[in-house]
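Asks: Just to be clear, the model below is a prediction. Sequence and coordinates:
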Amino acid sequence: MQQLTLTRQTPQWPNPNSAQLGFVGDVDRVDPTMLYPLINNGHIPVIASVAADEAGQSYNINADTVAGELAASLGAEKLILLTDVAGILEDRDDPNSLVKETDIEGVKKLIAEKKVAGGMIPKVNCCLRAIEQGVRTASIIDGRVQHSLLHEIMSEEGLGTMITA
């Protein structure tokens, strides 16, 4: 059985906060070679967010980070993260303050203003990184909404927050 390679080659592996987070690592590079035959034959790969260092030690990797890095390495046009919130909110306490669309600078401003916080920070950062590596758009959508993925892909207005370059 082949393995997807997500490795860290620098001395900073594992993550500097590993003691607080568990056995956690960061993605250094992605080799998607084994995914191409699967995708080209109509399969949808399911990827565990576990990776090994050069010595074979396994680490837990943030799944959103893995998704963003894979999207970039595969040359994806769009990254979609399904989550349990509506998307980025202008006011975290107001579910009606959804930011429907923003760009990199807009997201950085929201982060600086502390409007993006907690578990949303890794999601937003992976979207930014994916876009900076060539992915055209990244969307954070609410997976609790029935057919949310179809609505995001098939409709003009989308669902959640779309981040553009």
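Replies: Cool, got the structure.
Asks: which element is the residue nearest to the spatial centre of the chain on?
Replies: The centroid of the chain falls nearest to residue 64 when counting by C-alpha atoms, centre = their mean (3.4 Å). Element membership of residue 64 [criterion: DSSP states H and E] is helix 63-74.
Asks: so how many other residues sit close to residue 105?
Replies: Residue 105 is flanked by 8 other residues according to other C-beta atoms under 10 Å. To be clear about C-beta, it is placed using only N, CA and C from the backbone, and glycine gets the same treatment.
Asks: The helix or strand where it lies - contacts with which helices or strands?
Replies: Following DSSP H and E, one finds residue 105 within helix 104-112. Helix 104-112 is packed against helix 120-132, strand 161-164, with contacts defined by 3 or more C-beta pairs under 8 Å, 6 or more residues apart in numbering; DSSP states H and E.
Asks: Mind listing the strands the last one pairs with, and their directions?
Replies: Same thing as strand 161-164. Note on strand 161-164: by DSSP bridges, its sheet partners are strand 101-103 (parallel), strand 137-142 (antiparallel).
Asks: and the ones you listed, which is most packed in?
Replies: Across the strands paired with strand 161-164, averaging neighbours per residue (mean count of other C-beta atoms under 10 Å) puts strand 137-142 on top, at a mean of 23.
Asks: Mind checking the pLDDT average for it?
Replies: Strand 137-142 comes out with an average pLDDT of 96.
Asks: The next helix or strand after it - contacts with which helices or strands?
Replies: Per DSSP H and E, strand 137-142 leads on to helix 148-154 as the next helix or strand towards the C-terminus. Contacts defined by 3+ C-beta pairs under 8 Å, 6+ apart place helix 148-154 against strand 78-83, strand 137-142.
Asks: 6 Å - rerun?
Replies: strand 137-142 (3 or more C-beta pairs under 6 Å, 6 or more residues apart in numbering; DSSP states H and E).
Asks: now the closest residue in space to residue 73 that isn't next to it in sequence, what's its secondary structure?
Replies: Of all residues not flanking residue 73 in the chain, residue 30 sits nearest, at 4.2 Å (C-beta to C-beta, 6 or more residues apart in numbering). At residue 30 the chain is in strand, as set by DSSP: H, G, I helix; E, B strand; the rest coil.
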